[in-house]
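In: next come a sequence and a model predicted from it.
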4 protein chains.
Amino acid sequence: MFERFYSSQPKVTFYLTFPFKSKRTLYKHTINIRVRYAETDKMGYVYYGNYATYLEVGRVEMLRSIGVSYRRLEEEGVLLPVVNLNVDYKKPAFYDDNLTLETELMELPGVKIRFSYKLMRGEELLSLAQTTLVFLNAESGRPVKCPKEILTALTKL
Amino acid sequence: MFERFYSSQPKVTFYLTFPFKSKRTLYKHTINIRVRYAETDKMGYVYYGNYATYLEVGRVEMLRSIGVSYRRLEEEGVLLPVVNLNVDYKKPAFYDDNLTLETELMELPGVKIRFSYKLMRGEELLSLAQTTLVFLNAESGRPVKCPKEILTALTKL
Amino acid sequence: MFERFYSSQPKVTFYLTFPFKSKRTLYKHTINIRVRYAETDKMGYVYYGNYATYLEVGRVEMLRSIGVSYRRLEEEGVLLPVVNLNVDYKKPAFYDDNLTLETELMELPGVKIRFSYKLMRGEELLSLAQTTLVFLNAESGRPVKCPKEILTALTKL
Amino acid sequence: MFERFYSSQPKVTFYLTFPFKSKRTLYKHTINIRVRYAETDKMGYVYYGNYATYLEVGRVEMLRSIGVSYRRLEEEGVLLPVVNLNVDYKKPAFYDDNLTLETELMELPGVKIRFSYKLMRGEELLSLAQTTLVFLNAESGRPVKCPKEILTALTKL
């Protein structure tokens, strides 16, 4: 539906990739997400705010795939709130679509961790997104360095 | 909680305002939003995806304030999906907070309409956001110019 | 839409009102809720799970109207999770509807507090619902009697 | 957390099973659901309204398992809105829990279809729920008999 529009009028998106220092992928992870009825809106599309939930699932499952449990991280006193979200909606996702979400980490995390996402339906690119999260000490509320556990898991790859 | 972090390390956000041709505000509208329990997460913050809903409320109420009903727009065959969302989370919002959301329109809409948002708790700035939406003909799925009704309402201000 | 169906085939709902000892209303409170786009689904209706959020808003605002802040209650160590939810959907609610939600308390709360709800669009009855919540001590996780503050506020009415 | 409460004070729940004519299971289906961060609330529990989404996933996947696509059903002009929802919350579900949802159909559907659900975490029973849905003709908005496709699939089991 959006396709013709976007193909006839290429969108300038270079500002979106600006925050990333490097374009080389450090680690990439792929999962499937089935669209729930609850996530659609009266236009018949997945509501634009619900993509945030998909991205959350993408990065949590990426971490799990390298042996890091975000749940345990929190239990150990590290919070990881999102400080920036950017989503480019290119084509709508529909009810019951079996989407493919690629989550990429493009650099070693410091105090912040940045993920980049590609949401696809088969070969069709639906959305591009980026999130920046910051590691916080739950008690002090202050930013902290990325836990060693994550860095170790990443450098082993 | 985020405050110290952000004050000690000013975030470069100029790329966020890049898409706007002009920084002069065409029209500004303010509403209050009470945070619901459903919108919080286990960190005690408003879940980052739920800001999208607040922004929706902000722009719909702005349109209503100039006499434009988004509901009627859809009934007349114009859809207005979001094609870009950008949110900068500076400080968390909490349960039962009575937030103030300022929605700004900074230029006359064409095929697209861009809104800029400031979410505050009293004098505290919590978040900055921007959304870009595109006017679509519901039947053809093709982008169309902004309905005259909106342009007329805006130029009367 | 559902109307004909329900008028021609009266639904046996007596089991729904069973849990209430008395049908006399102790206290009734009314608020308006504007349906958000985020709350609709591809059928164009408010998604059935989102009614739970409306009910939450109804009971929290009822408590606020008698001077009780649910937020403060939690800060003082009392949690109030829902242990039963029952919703009868009679007619759908639509996007941008300005709904009226009546929340009723039909008996003085003990360890549990029961609310009964009527969701209307003007004169039209859309839904009936009931929720049962239990007062818990946040630390021990054990049920406790309704805080005096609430009982005092209720008996003053 | 709720456990002691419920074991020391057995809850009268017979009215919950009242609507079912028979207690024999016609068909039972089981899936796993991983709790998302978005689904939790500041108490750290899955927000009570989000169970409705889990139930939706349960019944849609049950239908898919017998060869019926709810998506296609809608495309063929049959809507299936929920007309009653009842949930008994016995113990909370937490972030990242890998839940097991059992969905049961206890009778052949007519104009309505009733599902019964059991939400477990391992061997622990967390919630019991029931939903009643009605088959509607999308054009007329009138209730219709359960599509033959579903009845045929069910009687083949």
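Out: Perfect, I can see it now.
In: which positions in chain A make contact with chain C?
Out: Chain A has residues A:37-38, A:40-44, A:47, A:49, A:95 near chain C, with proximity defined as Cβ under 8 Å from any Cβ of the partner chain. Using the backbone N, CA and C atoms, a C-beta is placed for each residue, glycine as well.
In: do that again at 6 Å, thanks
Out: Neighbours of chain C within chain A, by Cβ under 6 Å from any Cβ of the partner chain: A:37-38, A:40-42, A:44, A:47, A:49, A:95.
In: what sits up against stretch A:137-147?
Out: Identification of contacts with stretch A:137-147 by Cβ atoms under 6 Å, 6 or more residues apart in numbering or on different chains yields A:77-79, A:109, A:111, A:134-136, B:1, B:5.
In: just the ones of the residues you listed in strands?
Out: Applying DSSP state E to the contacts of stretch A:137-147, the entries found in strands are A:78-79, A:134, A:136.
In: show me which pair in those is furthest apart.
Out: The most widely separated members of those, counting by Cβ to Cβ, are A:78 and A:134 (10.5 Å).
In: which helix or strand contains residue A:155?
Out: Per DSSP states H and E: residue A:155 is located in helix A:148-156.
In: would you mark the buried spots in that helix?
Out: Buried residues in helix A:148-156, counted by 16 or more other Cβ atoms under 10 Å in any protein chain shown: A:149-150, A:153-154.
In: near chain B, which residues of chain A?
Out: Counting by Cβ under 6 Å from any Cβ, chain A sits next to chain B at A:1, A:5, A:15, A:18, A:43, A:48-49, A:52-53, A:79, A:82-89, A:141, A:143.
In: what does the model give the residue nearest the centre of chain A for pLDDT?
Out: Centroid-nearest residue in chain A: residue A:55, 3.9 Å away (criterion: Cα atoms, centre = their mean). pLDDT for residue A:55: 98.
In: can you tell me how far it is from residue C:30?
Out: 39 Å (Cβ to Cβ, to the nearest Å).
In: check residue A:126 too.
Out: As for residue A:126, its distance to residue C:30 is 42 Å (criterion: Cβ to Cβ).
In: neighbour count for those two, which is higher?
Out: More crowded of residue A:126 and residue C:30, by other Cβ atoms under 10 Å in any protein chain shown: residue A:126, with 22 against 15.
In: any part of the helix or strand encompassing the more buried one near chain D?
Out: In the assignment (DSSP H and E), residue A:126 maps to strand A:124-134. No - judged by Cβ under 6 Å from any Cβ, strand A:124-134 makes no contact with chain D; its nearest approach is 11.6 Å.
In: returning to what we had before: just give me the closest of the ones in strands among the contacts of stretch A:137-147 to residue C:117.
Out: Using Cβ to Cβ, those come closest to residue C:117 at residue A:79, 35.1 Å.
In: strands along chain A, start to end?
Out: All strands of chain A, identified by DSSP E, fall at A:27-34, A:78-79, A:82-89, A:98-105, A:112-121, A:124-134, A:136-137.
In: deepest of those strands, which one?
Out: strand A:82-89 (a mean of 23; mean count of other Cβ atoms under 10 Å in any protein chain shown).
In: what's the mean pLDDT across that one?
Out: Rounded mean pLDDT across strand A:82-89 is 98.
In: what does stretch A:118-136 give?
Out: 98.
In: what's the local residue count around residue A:49?
Out: Residue A:49: 26 neighbours (other Cβ under 10 Å).
In: per-residue confidence at it?
Out: pLDDT for residue A:49: 98.
In: once you drop chain neighbours, what's closest to it?
Out: residue B:52 (2.9 Å; Cβ to Cβ, 6 or more residues apart in numbering or on different chains).
In: distance of that neighbour relative to chain D?
Out: 12 Å (Cβ to the nearest Cβ, to the nearest Å).
In: try residue A:133
Out: Residue A:133 sits 12 Å away from chain D, going by Cβ to the nearest Cβ.
In: residue contacts, that residue?
Out: A:80, A:82, A:113.
In: make JSON lines out of these and add distance to residue B:101.
Out: What follows is the contacts of residue A:133, written out as JSON lines (distance: Cβ to Cβ, whole Å):
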{"residue": "A:80", "distance to residue B:101": "26"}
{"residue": "A:82", "distance to residue B:101": "19"}
{"residue": "A:113", "distance to residue B:101": "28"}
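In: and those residues, which is closest to residue C:120?
Out: residue A:82 (37.8 Å).
In: what angle do the helix ranked longest in chain A and strand A:98-105 make?
Out: The longest helix of chain A (DSSP state H) is helix A:51-65. Inter-element angle recorded for helix A:51-65 and strand A:98-105: 60 degrees (by axes from the mean of the first three to the mean of the last three Cα atoms, to 10 degrees).
In: which elements pack onto helix A:51-65?
Out: strand A:27-34, strand A:98-105, strand A:112-121 (3 or more Cβ pairs under 6 Å, 6 or more residues apart in numbering or on different chains; DSSP states H and E).
In: buried ones in that helix?
Out: Neighbour-count burial for helix A:51-65 flags A:51-64 (criterion: 16+ other Cβ under 10 Å).
In: got the angle for it vs helix A:148-156?
Out: Using the same axes, to 10 degrees: helix A:51-65 against helix A:148-156 is 80 degrees.
In: chain center to helix A:51-65: distance?
Out: Distance of helix A:51-65 from its chain centroid, counting by Cα atoms, centre = their mean, to the nearest Å, is 6 Å.
In: what angle do strand A:112-121 and that helix make with each other?
Out: Using the same axes, to 10 degrees: helix A:51-65 against strand A:112-121 is 110 degrees.
In: low-confidence ranges in chain A?
Out: Scanning chain A for pLDDT under 70 picks out A:1-23.
In: so which bits of it are right by chain D?
Out: A:36-38, A:53, A:56, A:71, A:95-96.
In: can we see that at 7 Å?
Out: Applying Cβ under 7 Å from any Cβ of the partner chain, we find that chain A lies next to chain D at A:36-38, A:53, A:56-57, A:71, A:95-96.
In: okay if I get these as JSON lines plus distance to residue B:100?
Out: JSON lines is the format used below for those (distance: Cβ to Cβ, whole Å):
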{"residue": "A:36", "distance to residue B:100": "32"}
{"residue": "A:37", "distance to residue B:100": "33"}
{"residue": "A:38", "distance to residue B:100": "29"}
{"residue": "A:53", "distance to residue B:100": "26"}
{"residue": "A:56", "distance to residue B:100": "27"}
{"residue": "A:57", "distance to residue B:100": "32"}
{"residue": "A:71", "distance to residue B:100": "34"}
{"residue": "A:95", "distance to residue B:100": "35"}
{"residue": "A:96", "distance to residue B:100": "39"}
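In: so what's residue A:30 up against?
Out: Going by Cβ atoms under 7 Å, 6 or more residues apart in numbering or on different chains, residue A:30 touches A:100, A:102.
In: hey, what's it bridged with?
Out: Beta-bridge partners recorded for residue A:30 (DSSP bridges): residue A:102.
In: for it, give its distance to residue D:35.
Out: 21 Å.
In: again with residue A:137
Out: Separation of residue A:137 from residue D:35 (Cβ to Cβ): 25 Å.
In: one more: residue A:144?
Out: 26 Å.
In: quick one: residue A:124 and residue A:92 touch, right?
Out: No - with contact defined as Cβ atoms under 7 Å, residue A:124 does not reach residue A:92; the gap is 10.7 Å.
In: wait, what's in contact with the closest residue to residue A:119 other than its chain neighbours?
Out: Sequence neighbours aside, residue A:127 is the residue nearest to residue A:119 in space, at 4.2 Å (criterion: Cβ to Cβ, 6+ apart). When contacts are counted by Cβ under 7 Å, 6+ apart, residue A:127 touches A:51, A:87-90, A:119.
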